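K.L.:
sequence plus predicted model, see below.
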Amino acid sequence: MHPIDQAGTFTMGGRTVKRMGYGAMQLAGPGVFGPPRDHDAALAVLRAAIAAGVDHIDTSDFYGPHVTNRIIREALSPYPADLVLVTKIGARRGEDASWNPAFSADDLARAIDDNLRHLGLEALDVVNLRAMFSIHGPAEGSLTAPLKALADFQRQGLVRHIGLSNVTATQIAEGRGIAEIVCVQNQYNLAQRDDDALVDSLAADGIAYVPFFPLGGFSPLQSAELSAVATQLDATPMQVALAWLLQRSPNILLIPGTSSVAHLDENLAAASLVLPADAVATLNGIAGASPAH
Ligand SMILES: NC(=O)c1ccc[n+]([C@@H]2O[C@H](COP(=O)([O-])OP(=O)(O)OC[C@H]3O[C@@H](n4cnc5c(N)ncnc54)[C@H](OP(=O)(O)O)[C@@H]3O)[C@@H](O)[C@H]2O)c1
């Protein structure tokens, strides 16, 4: 029994994971490009996450590129049997660190192969297709062709489960006509609540919602109300932001990112932070009160 178990579990494509997980993107270098400033520190963060009971890690081979997956393999392989590694495909990094769509059949086959090789796996637990019609947020456009390709990889046994990222409700409906969708990974946090209705409809359908930027992303959330609630509860603002997501809906799985063991410990401790009703009411007001994050 680990303290993070207090946040409970959710079953994603037949794999039950703890609702408190870890996102590995911050382990690559600045701008998610190149090697980390401190390689040993990156290994230490991953090992500390596993030691604390984390069984759900989010990654991609386009973090670095290749860097994050290689560090995960070095730190954790042979992997614990209960660890679910979730990766994503659909983008390629340019030499200038740019993020570019990579949706052709060849691009997707290369991405599956790269993820398998760099993680040292024979099959990928969950693969999210990351829509790239707009890099900044969900935008309409058909995902049928790349999803059919991903479903083929699933039939070949290279991919166990399929998810979608940076998508609209229309694209999720389109995707569910092609393959079973076990999770959706979109931007969502205390201040960015565009997906409120989607979170609830996915919960009703038993699909995990995995918010990226749960702490606000590259510039973590800052708000006077958040700080006040944190002070009142003797917690940190980041812990309150995570606890708010946990109480928001039972299908929300957390993958906060950090490159530091101290921040990891702080974030994982949010699993046991219970927010009283008046704190939730105050926090619910943040999205309405602040400009779009
Ligand atoms: N599907 C997608 O398009 C997509 C996009 C972005 C991210 N993701 C995934 O989502 C995961 C989470 O997103 P994210 O890592 O970008 O953003 P995040 O979890 O919202 O926040 C990470 C940022 O917060 C800082 N931080 C973490 N814990 C902290 C703490 N306790 N106190 C103060 N600062 C703290 C980190 O810096 P330190 O390193 O200094 O702690 C980092 O700058 C990623 O790791 C990745 O796996 C997916």
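P.N.:
Noted; the coordinates are in hand. Residues are numbered from 1 along each chain as shown.

K.L.:
where do the strands sit along the stretch 101-250 of the chain?
P.N.:
124-130, 159-165, 181-185, 208-209 (DSSP state E, counting those that start in this stretch).

K.L.:
turn those into a markdown table, including mean neighbour count and distance to residue 60.
P.N.:
(Glycine included, C-beta is placed from N, CA and C.) Listed next are the strands of the stretch 101-250 of the chain as a markdown table, based on neighbours: other CB atoms under 10 Å; distance: least, CB to CB, whole Å:
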| stretch | mean neighbour count | distance to residue 60 |
| --- | --- | --- |
| strand 124-130 | 25 | 8 |
| strand 159-165 | 23 | 9 |
| strand 181-185 | 25 | 10 |
| strand 208-209 | 24 | 17 |
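
K.L.:
could you dump those to a markdown table with distance to residue 8 and mean pLDDT?
P.N.:
Below are the strands of the stretch 101-250 of the chain laid out as a markdown table (distance: least, CB to CB, whole Å; pLDDT from 0 to 100):
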| stretch | distance to residue 8 | mean pLDDT |
| --- | --- | --- |
| strand 124-130 | 19 | 98 |
| strand 159-165 | 20 | 98 |
| strand 181-185 | 16 | 98 |
| strand 208-209 | 13 | 98 |
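
K.L.:
got a list of what residue 130 touches?
P.N.:
Residues in contact with residue 130, defined by CB atoms under 8 Å, 6 or more residues apart in numbering, are 60, 88-91, 165-166, 185.

K.L.:
let's see that with 6 Å instead.
P.N.:
Neighbouring residues of residue 130 by CB atoms under 6 Å, 6 or more residues apart in numbering: 88, 90-91, 165-166.

K.L.:
quick one: low-confidence parts of the stretch 151-293 of the chain?
P.N.:
289-293 (pLDDT under 70).

K.L.:
quick check, the residue in it closest to the ligand?
P.N.:
Distance from the ligand to each residue of the stretch 151-293 of the chain (CB to the nearest ligand atom) is smallest for residue 257, at 2.0 Å.

K.L.:
surely that residue is in contact with residue 23?
P.N.:
Yes: if you go by CB atoms under 6 Å, residue 257 and residue 23 touch, sitting 3.9 Å apart.

K.L.:
look at the two and report which has more neighbours.
P.N.:
Set residue 257 next to residue 23 and count neighbours by other CB atoms under 10 Å: residue 23 wins out with 26 against 23.
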